[in-house]
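Asks: I would like the atomic coordinates for the input below:
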Amino acid sequence: MPFHIEISEPLCSIIVAVSVQVKSQDSTTEPPVQIPKPQITLNVAHKVLYKTERVTLSCEVTGGPPGLQYDWYKNSEDLGEHQHNITASDSGKYECKATKGAMSEKSDSYTLTLEDPPQPQVRSDWTEAFHGEKVSLQCVIQASENWNYMWFKGQNKIVSNDETNIQGNTLTLSVQSSHDGEYVCQAVLQDRKVTTSMSTPYSLTVRELPQPKLSVESQWKTFYPTEKVTLKCSVKEDSDKWGYEWFRNGAPLPKDKDKDISLPGNTLSISSAKAVHSGQYTCRGRHLKRTPVTTGEAEAVQLHVNDNTPKPTITKHEWFEPFYSNEQAQLHCNMPGDGWEYHWYKGTNLRITNPELTIDSVSVTDTGVYHCKAQRGDFSVNSETLQVTVKDPPQPQVRSDWTEAFHGEKVSLQCVIQASENWNYMWFKGQNKIVSNDETNIQGNTLTLSVQSSHDGEYVCQAELQGRKVTTSMSTPYSLTVRELPQLKLSVESQWKTFYPTEKVTLKCSVKEDSDKWGYEWFRNGAPLPKDKDKDISLPGNTLSISSAKAVHSGQYTCRGRHLKRTPVTTGQAEAVQLHVNDNTPKPTITKHKWFEPFYSNERIQFNCNMPGDGWEYHWHKDTNPRITNPELTIDSVSVTDTGVYHCKAQRGDFSVNSETLQVTVKDPPQPQVRSDWTEAFHGEKVSLQCVIQASENWNYMWFKGQNKIVSNDETNIQGNTLTLSVQSSHDGEYVCQAELQGRKVTTAKSTPYSLTVRELPKPELSITPEWKTFYPTEKLTLKCSVKEDSDKWGYEWFRNGAPLPKDKDKDISFPGNTLSISSAKAVHSGQYTCRGRHLKRTPVTTGETGAVQLLVYDTTPKAAITKREWFELFYTEERVQLHCNMSGVGWKYHWYKGTNPPIINPELTINSVSHAHTGDYHCKAQRGDFSVNSKTLQVRVQARPPASLTLETELSDIMTGDMTLRCNITDGRQWNYTWFMNGQQLNESSNVLKVAGNEETIKSEFKCKGRNVVRPLYSALSDGFIANNIIFKRKILLAISGCLVCCIVILIIGCIVLKITRKPEVKETPHTDLFFSMTDSKNQTASPMKEYIDSSPTELEELQEKEELITDRTSVVHEDGVIKDEETPASEANGLTSFKGR
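Replies: Numbering: from 1, shown residues only. Purely as a prediction, here's the structure:
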């Protein structure tokens, strides 16, 4: 920056030339400088740093050149910070780099550790307290710094007062009810802005002192000597945390002075009560851990102990010695005082626990020694003993010589008791009490009877004790029988009265009652029968026996009885019996019913055996084996085992006669068999089944399906042994046949089931592969006709438009298996296709046709169509390109191609932000199976958006104020609106010029801009970023240097003027060689250094102007790679001075 000053005065001629050179720090002509190694320092010197503090790191370069630029790194990553100091918010390894020009130097790594403030903990031995206790809580922090502590209860901060005191980290409470709750503490580090988090809440429970309760374990309060007494003092809550103190008559009760008193736990036990233990007792609780804490006293209990112990007394009600069974015995036990439990003992055995012992109905087992025991707790007292004797009432006995009597006799019965008391006697016949009358007389214990028929029966007696409700049991019944003279009965032991020679005959003369007391006399045809004149006749006991009957024994027989003891007594004669004995013996005859030779199993055989006369028993024999005893032999259902020789035997008594023999033959009915060539059939076919029997009789045939009998109708026809079916769905199942023999109830077994399966004609299914039905020329397709069941038994026939499809007329059509394949589709293949199945073995059998499949084959194949959305012949970068590929029909897959690049498989091609790389020719391919169709090609062209450039314009006012003026420019000749961004955030400015105030924030910020328009392109490209960095600093240095130069010039001018005024002509002064300006020596005209410099200045100034940067009134700044470059603008000169004008 050259300045040229020229002053011409008459007396003083001074020419001053000042050359000031200002160079940018980035000048390539500036010599390199050495930068010392930076060091990172902290603004604090604490041992532990916390994250909540403000920590400042400084990059110190000792002895370094001015104008350094700084860069900061954490964990080797650039922080984007360029100040001398930065604020660190988290831990890491920090480095800084100082840079000037091409030289830079990096510091060593500095490890910064920032810790979370510690969390305090509340500690105390107290979790609960009673009202009035002193409780201390301590706030503990595992750190050694100086902390100030704060305490909170709930959300409220605690301050020291009469009830709460805070000293250091300790909170002391004089416990009140309001102190119940949760406490937290927090600490603040002294002289530093570090506050811990709240501690975990600490819960303190404040309890009221409990009220103890004193109780006596017994229900009574008056005791006898040696009784046990237990008092219990109880606190309901936390009873295990309390001890107890006892008082009698207001004075403390010492523990060891009375050996009968012990104080275990919360009880006072008197093991053996004495009169001295009487008094008023009370207690209170004392906390086991916090011994000063005691409850109030419990309500007092008054105890009284008697001097001696009486015995229980027994009271008796209606006492007898002895008692008789069923009488009532009642005893009562009593003991003075309350709470007694009474135990009655018989001997040593406990009988009952009750004050009263009542035996409502005593028995002999109740005999014994009784006493009662009064007991309460472990204390008991026994009464005196009492003997109780119980006997059963004696049982009377009836005694007499009479057990039976006849009408009119006198009979005496006596009631005898083995006891000396006074008894009253009663007599009973059955349930009726006997009273004295003409026929019965009772005197004392004797009953006398004048026998009548009504006196027959059992007699009992009973006695009643005079003056007491004691009655003996009834005597054992005594039986007296009163008899009429018996009526004899004469009977023949056999049921018949006509006999054959040699048969045995027995007559019996019988008396129903007491037959052993009677003898018998016999008569034939009215005359007595002598005992020994006929050896075939014997008279044992009451019978007459003929051992071998003869015709002479025929006649009329009768008998009578005579009493064995009272011989004059005889009965009347029995009713007569007439006997007849034949001269000879015939054979039994056999009668046959429905005789067959042979019989079949299950038929009925019936024979009848008959013999003249009565009383015969008939025995049937098969071969030599007895079969049945019956006049008739009936086999309801014969079997083969019934075959054999049969005869019958007629028998009565020991006499028997055999019939003639009879041969019986039995066979099983033959089993039919169903025979047929059919095991399965389709609906509508004719099926014949035959029932075959290996026998020659005339049989009627029956047919069954399952359990149902088949009858002839339109669908089923039975002719002889043949069943013919016109097959329907209902005919599916198992068939059996059975035959019935004509004229006889003989039915064969059912045949083995014969299974016939009726199948519905299957419904074939027609399917197509692929699944679509519209095709283009040369496509492949396959139709498949399938029968699900027994598919290997079916062939297939094909139809198109209702007509059979010939197999060999079209080379493109083939019929492998159950398929129809078209290898290359043509329009002539269009039509309606169907198929049906034909049975391979039963060729007339065909299924119905399937549902039709309609095929359409186009004449030609169109190209795939591309649909364009928001299409432009020329796209701008970042615009959206969207293309859609479509082909009529279904089943297509779409492939997009750009040149030879790999395809994109999707119906739609979308480029959300197009770039130059997307320029090219595009087409799509529609493909299904092996068939594919390409679309036409489509060209996509992409052009870059207009660029936006950002420049810094420097006004004189900007230099003075330190502000910046940024201009955004788009050079496509259109009118634009603009959008500005600072650090990525949009600013509220739409013009092309942005005024920014220069401050610490804005000089570090990055600015960008772009243009906006209402026609395409709607916006420009985003400009490069601009960061001011040190430009403002450079401006300030430039302004300071310029000010200094102006001041120097003014001072020189003033100095020259002063010298001119004050210089004296006669005085000649030798100029100092070290002056800035040297004057010309008037004698030798030697030029001063200044003069020489000025003389040579034009050449040097011209060279300087070519090499150096000039200070201009306008600077254009372009940000390239982080370096700010100044554009040169010539300065205008006037009167030898360079002027600075703002344009």
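
Asks: Give the bridge partners for L357, please.
Replies: L357 has these beta-bridge partners by DSSP bridges: L331.

Asks: residue contacts, it?
Replies: A329, Q330, L331, H332, C333, W344, R351, Y370, C372 (Cβ atoms under 8 Å, 6 or more residues apart in numbering). Where C-beta positions appear, they are placed from N, C-alpha and C, glycine not excepted.

Asks: Where neighbours are concerned, which of those residues has the most?
Replies: Neighbour counts for the contacts of L357 (other Cβ atoms under 10 Å) peak at C372, which has 30 neighbours.

Asks: Would you mind measuring from that residue to T313?
Replies: To T313, C372 is 9 Å away according to Cβ to Cβ, to the nearest Å.

Asks: Repeat that for P902.
Replies: In terms of Cβ to Cβ, P902 sits 123 Å off from T313.

Asks: try I86
Replies: 111 Å.

Asks: Compare the two (neighbour count), which wins?
Replies: With neighbours defined as other Cβ under 10 Å, I86 and T313 compare such that I86 has more, 20 against 14.

Asks: what about the closest residue in space to R1012 that isn't next to it in sequence, how many neighbours?
Replies: Leaving aside its chain neighbours, R1012 sits nearest to N977 (4.5 Å; criterion: Cβ to Cβ, 6 or more residues apart in numbering). Around N977 sit 12 other residues, with neighbours defined as other Cβ under 10 Å.

Asks: Then K289?
Replies: 9.

Asks: Could you pull out the helices in this structure for me?
Replies: 956-961, 1031-1062, 1089-1107 (DSSP state H).

Asks: Can you give me the pLDDT of N326?
Replies: Looking at N326, its pLDDT is 87.

Asks: Could you do S637 as well?
Replies: Confidence score, pLDDT, at S637: 89.

Asks: is it true that it touches S601?
Replies: Yes - counting by Cβ atoms under 8 Å, S637 does reach S601; the two are 7.4 Å apart.

Asks: more crowded one of the two?
Replies: S601 (17 against 10).

Asks: Next, give phi and psi for that one.
Replies: As for S601, its main-chain torsions (degrees, to the nearest 10) stand at phi -50, psi 140.

Asks: Residue numbering should commence at 710 henceforth.
Replies: Yep, numbering from 710; the last one is S1310 now.

Asks: one step back: overlap of the contact sets of C1081 and T1022?
Replies: Common neighbours of C1081 and T1022 (Cβ under 8 Å, 6+ apart) are C1042, S1092.

Asks: contacting residues for the closest residue to E872 other than its chain neighbours?
Replies: Counting by Cβ to Cβ, 6+ apart, E872 lies nearest to S883, which is 4.9 Å off, once chain neighbours are set aside. Contact analysis of S883 by Cβ under 8 Å, 6+ apart lists G841, K843, D871, E872, T873.

Asks: pLDDT at S883, what is it?
Replies: Confidence score, pLDDT, at S883: 91.

Asks: For beta bridges, what are the partners of L940?
Replies: Here L940, judged by DSSP bridges, has bridge partners V925, L977.

Asks: ok so, going back, out of the contacts of S883, flag the one nearest to T808.
Replies: T873 (60.8 Å; Cβ to Cβ).

Asks: thinking again about what came up before, can I get the contacts of S883 in JSON lines with distance to P1378, pLDDT and neighbour count?
Replies: As requested, those are arranged in JSON lines below (distance: Cβ to Cβ, whole Å; pLDDT from 0 to 100; neighbours: other Cβ atoms under 10 Å):
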{"residue": "G841", "distance to P1378": "116", "pLDDT": "81", "neighbour count": "11"}
{"residue": "K843", "distance to P1378": "118", "pLDDT": "90", "neighbour count": "11"}
{"residue": "D871", "distance to P1378": "124", "pLDDT": "89", "neighbour count": "7"}
{"residue": "E872", "distance to P1378": "119", "pLDDT": "90", "neighbour count": "13"}
{"residue": "T873", "distance to P1378": "118", "pLDDT": "94", "neighbour count": "16"}
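
Asks: D1323: which of the contacts of L1066 is nearest?
Replies: The nearest one, if we look at the contacts of L1066 relative to D1323 and count by Cβ to Cβ, is A1038, at 75.8 Å.

Asks: Please name the nearest non-neighbouring residue to that closest one.
Replies: I1068 (4.5 Å).

Asks: What's the separation between the one you found and Q1104?
Replies: Taking Cβ to Cβ, one finds I1068 at 22 Å from Q1104.

Asks: what does K966 give?
Replies: 72 Å.

Asks: Give me the more crowded residue out of the two.
Replies: Shown here are K966 and Q1104; by other Cβ under 10 Å, Q1104 has more neighbours (14 against 7).

Asks: Isn't that one up against Q1171?
Replies: No - counting by Cβ under 8 Å, Q1104 does not reach Q1171; the two are 9.4 Å apart.

Asks: Surely F1232 and C1268 touch.
Replies: Yes - at 6.8 Å, F1232 counts as touching C1268 under the criterion of Cβ under 8 Å.

Asks: So which of the two has more stuff around it?
Replies: C1268 (26 against 16).

Asks: For that one, which residues are in contact?
Replies: Per Cβ under 8 Å, 6+ apart, neighbours of C1268: L1197, L1199, L1216, C1218, Y1229, E1230, W1231, F1232, L1253, Q1282, A1283.

Asks: ok, and the most crowded of these?
Replies: C1218 leads those on contacts (other Cβ under 10 Å) with 26 neighbours.

Asks: What pLDDT is listed against that one?
Replies: So, for C1218, pLDDT stands at 91.

Asks: Kindly report the same for the one 10 residues further on.
Replies: Turning to G1228, the model gives it a pLDDT of 86.

Asks: what does T1552 give?
Replies: For T1552, the predicted pLDDT is 77.

Asks: do F1849 as well
Replies: In this model, F1849 carries a pLDDT of 35.

Asks: still on that earlier bit, point out the ones among the contacts of C1268 that are inside strands.
Replies: Residues of those located in strands (DSSP state E): L1199, L1216, C1218, Y1229, E1230, W1231, F1232, L1253.

Asks: what sits against the closest residue to R1269 other than its chain neighbours?
Replies: Counting by Cβ to Cβ, 6+ apart, Q1282 is the residue found nearest to R1269 once chain neighbours are left out, at 4.6 Å. The contact partners of Q1282, by Cβ under 8 Å, 6+ apart, come to L1197, F1232, T1267, C1268, R1269.
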